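Participant: sequence-free structure coming up:
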């Protein structure tokens with residue numbers, strides 16, 4: 001199974017964001033206090049358990065625990081914060097994003113495969 005990597009600092013975010021020029025990322029903004037977000041995380045992990053796109057890195061930010069990182073992501077991408085929220089970023093540009101109940105294994109598969 002492909003694993004997601006948790007980002008907890010702005011330096012880690014900057015490294016990931018800059019790296020999207022070489023390898024895109026899919027980032028899940030996750031709230032540990034929200035049942036909708038818990039469902040989104042299950043869908044994200046279900047996608048990763050099957051045959052995820054290997055040309056992409058997968059990352060996660062816990063929005064409560066890492067609020068400054070979450071805010072920086074919104075600023076850098078120009079995508080208004082939501083939680084849960086998923087973003088597909090390539091060449092420092094957000095190619096796709098969605099939030100809440102639209103975060104499903106099926107939707108992620110349709111976008112990435």
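Facilitator: Cool, the structure landed. Computed from a predicted model, the values in this text were never measured in an experiment.
Participant: The residue nearest to residue 82 when sequence neighbours are not counted and residue 50, how far apart?
Facilitator: For residue 82, ignoring the flanking residues on the chain, the nearest one in space by Cβ to Cβ, 6 or more residues apart in numbering is residue 99 at 3.9 Å. For every residue, glycine as well, the C-beta is placed using N, CA and C. Using Cβ to Cβ, to the nearest Å, we find residue 99 at a distance of 22 Å from residue 50.
Participant: And the two? Which one has more around it.
Facilitator: Using other Cβ atoms under 10 Å as the criterion, residue 99 and residue 50 rank with residue 99 on top: 19 against 11.
Participant: show me where this protein has strands.
Facilitator: 5-6, 25-30, 57-62, 85-90, 93-99 (DSSP state E).
Participant: which one of the ones you listed lies closest to residue 42?
Facilitator: Nearest of the strands of the chain to residue 42, taken as Cβ to Cβ: strand 25-30 at 10.8 Å.
Participant: State the number of residues packed around the nearest residue to residue 52 once chain neighbours are set aside.
Facilitator: Excluding its sequence neighbours, the residue lying closest to residue 52 (Cβ to Cβ, 6+ apart) is residue 2, at 4.7 Å. When neighbours are counted by other Cβ under 10 Å, residue 2 registers 15.
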